[in-house]
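K.L.:
coords please:
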Amino acid sequence: MDELVVDGSRIKLAKGDITDLDTDVIVNAANAQLIMGGGVAGAIRRKGGPKIQEECNKIGGTHVGGAVITTGGNLKAKYVIHAVGPRMGEGNEDEKLKNATLNSLKLMDEKKLKTIAFPAISTGIFGYPIEKCAEIMIATSKEYLSADTQIQEVIFCLYSKNDYDVFKKELNLY
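P.N.:
Numbers count the residues shown, from 1 in each chain. Sure, this is the predicted structure:
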């Protein structure tokens with residue numbers, strides 16, 4: 001596992017299935033309607049059980065760049081943060097991805113949680129480039145951890161070796 005220490009907190013990389021991680025929170029790369037279909041959301045729905053989608057239905061949705069929190073259901077993680085990343089081509093994608101990352105981290109502080117695992121938001125069916133995703137999500141996390149926070153660990157959990165290697169290359173720039 002590759003890592004970067006930022007003011008006593010850590011940014012780490014992991015390869016594998018985000019739903020297997022034992023963290024306070026895992027992040028779902030959500031859509032604005034909070035309907036858990038395929039990709040990361042589908043895996044979370046299958047392993048976490050129906051309670052997560054039921055809570056999403058009660059919340060009703062959020063904006064692109066927004067983040068909301070639900071139970072982790074049957075997952076090892078206590079909570080799921082549903083962060084809505086941009087679709088490529090909708091405009092202002094970089095800022096929206098930064099906001100999705102930032103709003104997830106702010107929710108962590110509001111709930112006084114310490115460990116979070118992110119997937120590569122928007123890089124699946126939303127078509128966002130993995131290199132740009134790594135650059136923005138790592139830089140946003142590093143900047144956030146440099147300020148006043150009780151977050152101890154931010155993990156980027158990448159499913160494929162290629163995605164892991166892209167994030168590792170970006171992390172090694174620091």
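K.L.:
Contact partners for the residue positioned nearest the centre of the chain?
P.N.:
Closest to where the C-alpha atoms of the chain average out (Cα atoms, centre = their mean) is F118, at 2.9 Å. Shown in contact with F118 (Cβ atoms under 8 Å, 6 or more residues apart in numbering): V27, A83, T101, S104, M137, S141, V154, I155, F156, C157. Using the backbone N, CA and C atoms, a C-beta is placed for each residue, glycine as well.
K.L.:
quick one: R10 and I116, what's the gap?
P.N.:
In this view, R10 and I116 are 11 Å apart by Cβ to Cβ, to the nearest Å.
K.L.:
which of the contacts of F118 lies closest to N74?
P.N.:
Using Cβ to Cβ, V27 is the member of the contacts of F118 that lies nearest N74, at 17.3 Å.
K.L.:
For the residue lying closest to G66 once chain neighbours are set aside, which residues are in contact?
P.N.:
Using Cβ to Cβ, 6 or more residues apart in numbering and skipping residues adjacent in sequence, the residue nearest G66 is V84, 5.4 Å away. Residues in contact with V84 (Cβ under 8 Å, 6+ apart) are A30, N31, A32, T62, H63, V64, G65, G66, A67, A100.
K.L.:
which residue packs closest to the first one, ignoring adjacent ones?
P.N.:
Using Cβ to Cβ, 6+ apart and skipping the chain neighbours, the partner closest in space to A30 is H82 (3.8 Å).
K.L.:
Pretty sure I121 is one of the things L158 touches, is it not?
P.N.:
No: between L158 and I121 there is no contact under Cβ atoms under 8 Å: 11.6 Å.
K.L.:
I138 in helix, strand or coil?
P.N.:
helix (DSSP: H, G, I helix; E, B strand; the rest coil).
K.L.:
Run a quick neighbour tally on it.
P.N.:
22 (other Cβ atoms under 10 Å).
K.L.:
What residues does the closest residue to it other than its chain neighbours make contact with?
P.N.:
Once flanking residues are discounted, I138 sits nearest to E170: 5.2 Å by Cβ to Cβ, 6+ apart. Residues near E170 by Cβ under 8 Å, 6+ apart: E131, A134, E135, I138.
K.L.:
Provide a list of residues in contact with the third one.
P.N.:
Contacts here follow Cβ under 8 Å, 6+ apart; on that basis E135 touches E170.
K.L.:
Next: the second one.
P.N.:
With contact taken as Cβ under 8 Å, 6+ apart, A134 is in contact with A120, F156, V166, F167, K169, E170, L171.
K.L.:
With that, I have no additional questions.
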